[in-house]
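A.B. asks: Need coordinates for the below:
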Amino acid sequence: MRRATTSFFSRTLRQLAAGVGLLAGLAAAPDAHAEEGIRKGPWLMAPRVGELTVMVERDRPGPVTVRAWELVPTGEQQPAPVVVNDPTERELHEVHLTGLTPGGRYRYEVTGPGIETAGGSFNTMPDSFVPFRFVLYGDTRSDHRAHAATMRAIRREGADFVVHTGDLVGDGRRENHWQKFFEIEGDVLRNAVWVPVVGNHEIRRPSRVGIENFRHYVHVDEDSPRPELDYSLRYGNVRMILANAFDDWSSPRMRAWLEDQLTRARAEGPDDFVLVVLHWGMHSSGPHGENGSLRAAGIADLFRRHRVDLVVAGHDHIYERGEDRGLRYMVTGGSGAPLYKHATTRPYTQVFARQHHYVRVDVERDTLSFVTLRPDGSVLDRFSIRHPSARARVRTAARRAWPVLEDPPEPAQRVVTLGAPPPAACLCGAPGLGANRVDDARNATLAVGLSVGLSLAFSRRRRR
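C.D. replies: Presented below is the predicted three-dimensional model:
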């Protein structure tokens, strides 16, 4: 009992400090510190059991070395570091680490002649189920201050990986836009695996420069008809299919790839959670609305047939979720781009919000718990997806981690209804919500920071 009490109050103090730090941080400049000699990164990609890719872009061509040390509990022998040298004289490096302990935690550093040492930490993909956390966010272009505020909040979540729903930058053809993106996201991407899907602002038809730039910075170990633009990720009991919303999904080649991914997902993990992530989805009450090409190709029925648990999209700069004849969807496009208004009333919409936000997802063996948060830490929405039969069917392993006890579960809350008329609960920047403008938090007093910290301490579920 003493250990549990001490742990609870230790977390309370840490989260209290985080609440105060959030308000102070919002006043800070959005740019992350860049190490000398490094233009972008490092950032983490392509996780597999025992493997991970570390990417970094130097200012000028030269070799790099990556060293990774497994963090072990006090008293255990420290294993030798994993060391990989890339001697090639180039600017962009993709360094593939192998031989990592499944479900372990590592710190790493990138060194090389003419560059300042840089690094971070990461969790490796487990080979059997352990609870984990990831974050959904998207449409980070244009408003650097809002983007930076969102990333500071995401950094504190300690996610294993972060999933970007597209429109990373304003113009994928412009190198300075990519540079700004990596400056703002640097602290997150060096500590959590990056899982992006391409958006229309990266594609920028008719030029192919935007697509080439996206592929330049994205590394995926998978063979698909359009590498890096369409791929999948299996992490624990979650399978994600990341698809280019602007492909022709009525074509035999693309349709076959998508059907194969869905079939394999259900064959390999009948009780796993299957999510499809694309930039422009088939459901939205924002100005862009529904993706007519996907609807005409019958993709919604395909997803229903394969029991897809959730379709995640962006494109409309809003937060929205709902359910259409058994198919759940979410639009999370409010992480930095200018916010959009509610445009069309849809019968399937359950929650709509014109707010900057991100979505935290905690994964248990039989439950995905979603919490949508504003950058100031306040909760916008909360819901869960459950597979009740899943827990009894798999071997569960305990993650080797620090002995932190879980907080009590948050109270159940299916939808946010702040006074909006049906069928949609609309949070359209109402007075007093204070999340439409980052400036609101900049002017907050210490008392508000203490309030946020206490709220975090007593209501936020931390992963084991």
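A.B. asks: Not counting its neighbours along the chain, what's nearest the residue nearest to the spatial centre of the chain?
C.D. replies: The residue lying closest to the centre of the chain (CA atoms, centre = their mean) is V162, at 2.4 Å. Of all residues not flanking V162 in the chain, V135 sits nearest, at 4.6 Å (CB to CB, 6 or more residues apart in numbering). For every residue, glycine as well, the C-beta is placed using N, CA and C.
A.B. asks: Enumerate every residue touching the one you found.
C.D. replies: V135 is in contact with 154, 157, 159, 161-163, 192, 358-361, counting by CB atoms under 8 Å, 6 or more residues apart in numbering.
A.B. asks: Now, these that are in strands?
C.D. replies: 161-163, 358-361 (DSSP state E).
A.B. asks: Kindly list the longest strand within the chain.
C.D. replies: Max-length strand for the chain by DSSP E is strand 51-70.
A.B. asks: Show me which residues of that strand are buried.
C.D. replies: 51-58, 62-70 (16 or more other CB atoms under 10 Å).
A.B. asks: Low-confidence bits of the protein, can you list those?
C.D. replies: Applying pLDDT under 70 to the chain picks out residues 1-34, 391-464.
A.B. asks: How is it partitioned into domains?
C.D. replies: 38-123, 132-442 (automatic domain parsing).
A.B. asks: Pick the most deeply packed of those.
C.D. replies: domain 132-442 (a mean of 20; mean count of other CB atoms under 10 Å).
A.B. asks: next one: it to chain centre, how far?
C.D. replies: 7 Å (CA atoms, centre = their mean, to the nearest Å).
A.B. asks: Then stretch 50-70?
C.D. replies: 22 Å.
A.B. asks: How about stretch 36-51?
C.D. replies: Relative to its chain's centre, stretch 36-51 lies at 16 Å (CA atoms, centre = their mean).
A.B. asks: Any chance you could give me it in PDB, C-alpha atoms only?
C.D. replies: Output in PDB follows, covering the C-alpha atoms of stretch 36-51 (Å, rounded to 0.1, in the frame of the first residue of the first chain):
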ATOM      1  CA  GLU A  36      25.300  21.400 -35.300                       C
ATOM      2  CA  GLY A  37      26.000  19.600 -38.600                       C
ATOM      3  CA  ILE A  38      22.500  18.000 -38.700                       C
ATOM      4  CA  ARG A  39      19.800  19.400 -40.900                       C
ATOM      5  CA  LYS A  40      17.000  17.100 -39.900                       C
ATOM      6  CA  GLY A  41      16.500  14.500 -37.300                       C
ATOM      7  CA  PRO A  42      17.200  12.000 -36.100                       C
ATOM      8  CA  TRP A  43      13.800  10.300 -36.500                       C
ATOM      9  CA  LEU A  44      12.600   6.700 -36.100                       C
ATOM     10  CA  MET A  45      10.800   4.600 -38.700                       C
ATOM     11  CA  ALA A  46      10.000   1.000 -39.900                       C
ATOM     12  CA  PRO A  47       9.600  -0.900 -36.600                       C
ATOM     13  CA  ARG A  48       9.700  -4.700 -36.600                       C
ATOM     14  CA  VAL A  49      10.300  -7.200 -33.800                       C
ATOM     15  CA  GLY A  50      13.900  -6.700 -32.900                       C
ATOM     16  CA  GLU A  51      14.500  -4.000 -35.600                       C
END
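A.B. asks: secondary structure class for R215?
C.D. replies: helix (DSSP: H, G, I helix; E, B strand; the rest coil).
A.B. asks: Excluding sequence neighbours, find me the nearest residue to it.
C.D. replies: Nearest to R215 is E228, by CB to CB, 6+ apart, at 4.5 Å.
A.B. asks: so what's the backbone phi/psi at G50?
C.D. replies: Backbone torsions for G50, taken as degrees, to the nearest 10, come to phi 80, psi 10.
A.B. asks: likewise R253?
C.D. replies: Torsion angles, degrees, to the nearest 10, at R253: phi -70, psi -50.
A.B. asks: contacting residues around it?
C.D. replies: P225.
A.B. asks: From R386, how far off is it?
C.D. replies: 35 Å (CB to CB, to the nearest Å).
A.B. asks: V110 now?
C.D. replies: 41 Å.
A.B. asks: Then A146?
C.D. replies: Taking CB to CB, one finds A146 at 33 Å from R386.
A.B. asks: swap in G170?
C.D. replies: Taking CB to CB, one finds G170 at 39 Å from R386.
A.B. asks: Setting aside sequence neighbours, what's the nearest residue to L189?
C.D. replies: In space, L189 is closest to W43, 3.8 Å off (CB to CB, 6+ apart).
A.B. asks: what are the bridge partners for that neighbour, then?
C.D. replies: M55 (DSSP bridges).
A.B. asks: mind listing what it touches?
C.D. replies: 54-56, 182, 185-186, 189-190, 194.
A.B. asks: could these go into TSV alongside distance to R295?
C.D. replies: Shown next, in TSV, are these (distance: CB to CB, whole Å):
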residue	distance to R295
V54	40
M55	36
V56	41
F182	35
E185	32
G186	38
L189	34
R190	39
W194	30
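A.B. asks: Tell me which stretches of the protein form helices.
C.D. replies: For the chain, the helices defined by DSSP state H cover 2-25, 144-155, 175-189, 200-203, 209-217, 252-268, 292-296, 299-305, 438-442, 446-459.
A.B. asks: doesn't D223 make contact with Y231?
C.D. replies: No. Taking contacts as CB atoms under 8 Å, Y231 lies outside contact range of D223: 9.1 Å.
A.B. asks: if we can go back for a sec, check the gap between the residue nearest to V162 and V95 for me.
C.D. replies: 24 Å.
A.B. asks: Over to E202?
C.D. replies: Taken as CB to CB, the span from E202 to V95 is 24 Å.
A.B. asks: mind listing the strands in the stretch 201-350 of the chain by residue range?
C.D. replies: 231-235, 238-242, 273-277, 310-313, 319-324, 327-332, 349-353 (DSSP state E, counting those that start in this stretch).
A.B. asks: what pairs with the last one, and is each one parallel or antiparallel?
C.D. replies: It stands for strand 349-353. By DSSP bridges, strand 349-353 pairs with strand 319-324 (antiparallel), strand 425-427 (parallel).
A.B. asks: The first one now?
C.D. replies: Here the strand partners of strand 231-235, with direction, are listed using DSSP bridges: strand 238-242 (antiparallel).
A.B. asks: quick one: contacts of the strand it pairs with?
C.D. replies: Under CB under 8 Å, 6+ apart, the answer for strand 238-242 is 134, 163, 195-197, 230-234, 258, 261-262, 265, 268-269, 272-278, 363, 368.
A.B. asks: ok, G62 - contacts?
C.D. replies: G62 touches 89-90, 112-115, counting by CB under 8 Å, 6+ apart.
A.B. asks: The residues you listed into JSON lines, with extra columns for distance to V311?
C.D. replies: Formatted as JSON lines, these follow (distance: CB to CB, whole Å):
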{"residue": "E89", "distance to V311": "44"}
{"residue": "R90", "distance to V311": "38"}
{"residue": "G112", "distance to V311": "42"}
{"residue": "P113", "distance to V311": "47"}
{"residue": "G114", "distance to V311": "46"}
{"residue": "I115", "distance to V311": "41"}
